[in-house]
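Peer 1: After the sequence you'll find the predicted model.
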Amino acid sequence: MPKQKLGIALNCDTVGYTVELAQRAEAAGFDTAWTWDTPSHNAYVALAAMALGTKTIRLGPGVGVAWGRSPTIHATASRDIDELSNGRYILGLGSGTKRQIDYWYSILVEHPAPRIRELVQGFQRRGPHRVRTCLGQERGPNQWECAREF
């Protein structure tokens, strides 16, 4: 029977505490640690700090909202975090919901889910890197369709 993999979701009040908990999770044998954006928390900043503070645990932004940043920002942040983590980075992007995008980012998007394809194409134009992307569905039982590894 294959070993079961364990992941942990971390979103703390401070980046320092998030890193500390990622270190504890790594020591306890967790395989992945995830964090995410909130209106007061930048997942890429926390992930960069987690990458520098850990050695083996894989890291990712649970699901980053695609429309909060341009494709260039997602791609360069992902490439940098992947480098800092020595290839342990996993990028998860989702469309988010219309309300979330309007409220958090002040971006008016009528149908967010179909526009995720544009973001993936933006990644492809920026060259190959070891970042796994997923196309997110807004709702439904098949919430994630992993697209490809770059």
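Peer 2: Nice, thanks for sending it over. Numbers count the residues shown, from 1 in each chain.
Peer 1: Look at residue 13 and say how many residues are nearby.
Peer 2: 9 (other CB atoms under 10 Å). Heads up, the C-betas are built off the backbone N, CA and C, glycines and all.
Peer 1: out of everything not next to it in sequence, what's closest to residue 56?
Peer 2: Closest residue in space to residue 56, ignoring its immediate chain neighbours: residue 26 at 6.0 Å, by CB to CB, 6 or more residues apart in numbering.
Peer 1: Measure how buried the one you found is and give me the count.
Peer 2: By other CB under 10 Å, 21 other residues sit near residue 26.
Peer 1: go on, residue 74?
Peer 2: Neighbours of residue 74 under the rule other CB under 10 Å: 23.
Peer 1: Check the gap between residue 70 and residue 33 for me.
Peer 2: Look at residue 70 and residue 33: by CB to CB, to the nearest Å, they are 26 Å apart.
Peer 1: for the helix or strand where residue 99 lies, packing partners?
Peer 2: Residue 99 is part of helix 98-105, with elements assigned from DSSP states H and E. Packing partners of helix 98-105 (3 or more CB pairs under 8 Å, 6 or more residues apart in numbering; DSSP states H and E): strand 64-65.
Peer 1: what is the rounded mean pLDDT of the helix or strand just after the strand it packs on?
Peer 2: As assigned by DSSP H and E, the chain's next helix or strand after strand 64-65 is helix 71-84. Mean pLDDT, computed over helix 71-84, is 88.
Peer 1: Helix 71-84 packs against which elements?
Peer 2: Under the contact criterion of 3+ CB pairs under 8 Å, 6+ apart, helix 71-84 touches helix 43-53, helix 116-125.
Peer 1: Figure out how far the first one is from the centre of its chain.
Peer 2: Spelled out, it's helix 43-53. Put simply, helix 43-53 sits 11 Å off its chain's centre (CA atoms, centre = their mean, to the nearest Å).
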